[in-house]
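**Student:** the following block contains a protein sequence and its predicted model.
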Amino acid sequence: MSQGQYSSTLLGSFNAGWFRPRRCGSRVSWFFFGVCLCLVLGVTGTIHIGLLLKWLLVRLHWRNDLTWYDLGWYGLAPTAQYQSFDHPIPAIEFLQQDARCSQDYIFLAPRGPLVAEPGAVILDAVGDLVWRQIDQGGDTHDLRVQEYFGEKYLTFWVGEEIGGRKQGSWFMMDNTYTIRHEILPGGDYDTGDMHEFQITTDNTALITIYEPIVADLSSIGGPSEGYLLDSIFQEISISTGEILFEWSASSHVPLDNTFWTTKLCRDDSNTAFNGCGHNEDSAFDFYHLNSVEKDEQGNYLICGRNVHTVSYINGVTGEIIWNLGGPNNEFEDLSDGDATNFSWQHHARYLSLFDNGGSMIEAASESRGILLDLDIDRRTATLRVSYYHPQQMRSLSQGDVQILEDTGNVFIGWGRSAAMTEFSSDGEVLCDARFGASVFFSFGPVTSYRVFRHSWVGKPTTQPDVVVVGDTIYVSWNGATEVTIWQLEAADEDEDGQEVEFDIMSQTFREGFETEIRIPTQEKYSAIRLVALDVEGNVLGISDVIDCDFGVEWITPMMIVIITSIAMVVGFLATLFTAAVFFRRRKRNQVALSEYELLTGGDILDGEEGQLFQSHIIPGS
């Protein structure tokens, strides 16, 4: 038998024995085939379900002190609503509040798949709304307060996730919430990246740009003719857009320094920073620049997340002066590795940073904020202090560390984990809050790239918002920070129908973002308005005039409840009375009927009445 015949015979035997149901005599044993199939499917399904459960359980943040808020009882991205303001705001849950915490405002920009209306938000120290961005369009990132020529501005980025990266513009908004500057990169770049917009002491701006370039990615398992997502930063003039300095990672950092991998990438142009490099809209993000700061020497401190490195850049030549952390670390770690073993880090400053400790491809055991002491001459690094969340917070992306100037406290935004914590300088937790269900933090239903604390004075040019419900007025003023008193004023019309001067009816101290005011109904007025006063009694703003008629008793929600309750009681009593009358009459009728005897037809025809009846019968009928 030839080798080909032998192989053919074996293949035929294999097909006959394993790919056809076995036969017992002349009957097909489908039972055996079904059992084998069920076993194969069962084992395969169990393995896949096990892997899925493992992936889920690793990312769920379970603890023994979970609240209903943490479990998502109020939603994975809880919101609150006001009567006088139509836009939702984050519903903050404070787990801890200490009088030593800063009283500055909280600045964040919630976004995510479950955020109904993404946008910038300013909250007060207890989580009540101060200002809410309205109809900006696109996602907002990195809301904070910065100074430009001595004037304070709100700065933020607005854009979209498209082309495998974030593309948009930076904005500078003054204290009237008017946009004064829209900033784009210099040169041939059409859009800017969201990671950094830092105004320097020279009144210039540091901005980041992500740009796909053609590159050979074969050394890291990618295509030889692929695309690299280059990380670039510029220092530019805010007024003219002139480029003062430019640096790119691809010109100074070897590709094989990256810890990012092509194994879990996706060529999806609508997903930012996760491309495999096969086309321009899904370029491979090998460096991932996420922060830039300029020092007094004119050099730059930058942070490369995907290379686990903080680098110090010469402000003239662009050469790397030194690297801290990562594959090219130049510092001896005097803290047993805790000063240089950071990974997937964000927001490097002189010298603090947020150590994520993990990423979307590598689950973190625990994230932290750290302060470092560097001896540049000796190239030594020492960990001064680590700031860990008491519930072992882990953030797979984003995050920031801010040293507060007024108190020295350290304020941390936990990035993808929708939480914020204020520590004392030595690491004691003072205040802790969240704006999402903590069990599901790893899935990112709501996030804020960074969270900050700042002082701020807002003077909006809009009018206060007023809503009347029953005999209660609800008044608020989006962005106003100086209102101390709400003054209720009313006016009546004269005989010619012209309104006369408004009279003061009451004054009420402002209570948070929205204040409730009861309307006195002793007198008739045709219109009311609300006047905002500052602490010295100066007029800050006046609401629109609201027509009303105090001669009509307005029905409040409580009155509706009372009236409804009374109606239900009256209805119930009326039903009982009707039922009692009905059953009493029915019983009386039954008694009356029982006094009569039912007679048969024969009985009726007997006697005199019967004869009389018969005499009236018509013959033949």
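**Tutor:** Received the coordinates, thanks.
**Student:** what's in contact with stretch 413-420?
**Tutor:** 61, 77, 106, 108, 110, 346, 354, 356, 367, 389, 393-400, 402, 411-412, 421, 432-436, 438, 441-442, 444-452 (CB atoms under 8 Å, 6 or more residues apart in numbering). (Glycine included, C-beta is placed from N, CA and C.)
**Student:** quick check: residue 582 is in a helix.
**Tutor:** Yes - Residue 582: assigned to a helix according to DSSP: H, G, I helix; E, B strand; the rest coil.
**Student:** contact partners for residue 251?
**Tutor:** Residue 251 neighbours (CB under 8 Å, 6+ apart): residue 318.
**Student:** and the gap between it and residue 271?
**Tutor:** 26 Å (CB to CB, to the nearest Å).
**Student:** same question, residue 382
**Tutor:** Applying CB to CB to residue 382 and residue 271 gives a distance of 39 Å.
**Student:** do residue 334 as well
**Tutor:** The gap separating residue 334 from residue 271 is 41 Å, by CB to CB.
**Student:** swap in residue 566?
**Tutor:** 60 Å.
**Student:** between the two, which one's more packed in?
**Tutor:** Between residue 566 and residue 271, counted using other CB atoms under 10 Å, the more crowded position is residue 271 (15 against 10).
**Student:** phi, psi for the more buried one please.
**Tutor:** Backbone torsions of residue 271, given as degrees, to the nearest 10, read phi -110, psi 120.
**Student:** residues contacting residue 103?
**Tutor:** So residue 103 contacts residue 125 (CB under 8 Å, 6+ apart).
**Student:** assumed it was part of a strand.
**Tutor:** No - according to three-state DSSP, residue 103 belongs to no strand; its state is coil.
**Student:** what separates the spatially most central residue of the chain from residue 122, distance-wise?
**Tutor:** Against the mean C-alpha coordinate of the chain, by CA atoms, centre = their mean, the closest residue is residue 446 at 3.0 Å. According to CB to CB, residue 446 and residue 122 sit 17 Å apart.
**Student:** same deal with residue 78?
**Tutor:** From residue 78 to residue 122 the distance is 18 Å (CB to CB).
**Student:** same question, residue 476
**Tutor:** 14 Å.
**Student:** and if you look at residue 482?
**Tutor:** For residue 482 relative to residue 122 (CB to CB), the value is 14 Å.
**Student:** what residues go with each domain of this protein?
**Tutor:** 79-454, 465-547, 565-615 (automatic domain parsing).
**Student:** which of the ones you listed is buried the deepest?
**Tutor:** Ranked by mean neighbour count, the domains of the chain are led by domain 79-454 with a mean of 19 (mean count of other CB atoms under 10 Å).
**Student:** any regions of the stretch 451-600 of the chain where pLDDT drops low?
**Tutor:** Within the stretch 451-600 of the chain, the ranges that satisfy pLDDT under 70 run 493-499, 522-523, 549-559, 589-600.
**Student:** strands of that one, start to end?
**Tutor:** 452-454, 465-469, 472-476, 485-491, 503-509, 515-518, 527-533, 539-542, 546-547 (DSSP state E, counting those that start in this stretch).
**Student:** what does the stretch 251-400 of the chain give?
**Tutor:** Going by DSSP E, counting those that start in this stretch, the stretch 251-400 of the chain shows strands at 289-294, 300-304, 309-313, 320-324, 332-333, 346-349, 352-355, 368-375, 380-388, 400-403.
**Student:** so for the shortest one, what's the average pLDDT?
**Tutor:** Regarding strand 332-333, the rounded mean pLDDT is 98.
**Student:** mind listing the strands it pairs with, and their directions?
**Tutor:** Strand 332-333 pairs in its sheet with strand 380-388 (parallel), by DSSP bridges.
**Student:** likewise for the third one?
**Tutor:** Paired strands of strand 309-313, with direction, are strand 300-304 (antiparallel), strand 320-324 (antiparallel) (DSSP bridges).
**Student:** mean confidence for the first one?
**Tutor:** pLDDT averaged over strand 300-304 equals 99, rounded to a whole number.
**Student:** what does it rub up against?
**Tutor:** 206, 231, 233, 245, 247, 249, 253, 287-295, 309-313, 315, 326, 345-351, 353.
**Student:** let's see that with 6 Å instead.
**Tutor:** 287, 289-294, 310-313, 348 (CB atoms under 6 Å, 6 or more residues apart in numbering).
**Student:** how about the last one?
**Tutor:** Residues outside strand 320-324 that contact it (CB under 6 Å, 6+ apart): 252, 309-312, 314, 329-331.
**Student:** quick check: residue 343 vs residue 356, distance?
**Tutor:** Going from residue 343 to residue 356 by CB to CB gives 7 Å.
**Student:** so what sits against both of the two?
**Tutor:** By CB under 6 Å, 6+ apart, no residue touches both residue 343 and residue 356.
**Student:** in the stretch 1-150 of the chain, which spans are helices?
**Tutor:** 3-18, 30-59 (DSSP state H, counting those that start in this stretch).
**Student:** now the weakest link among the ones you listed, please, by mean pLDDT.
**Tutor:** Among the helices of the stretch 1-150 of the chain, helix 3-18 scores lowest, at a mean of 44.
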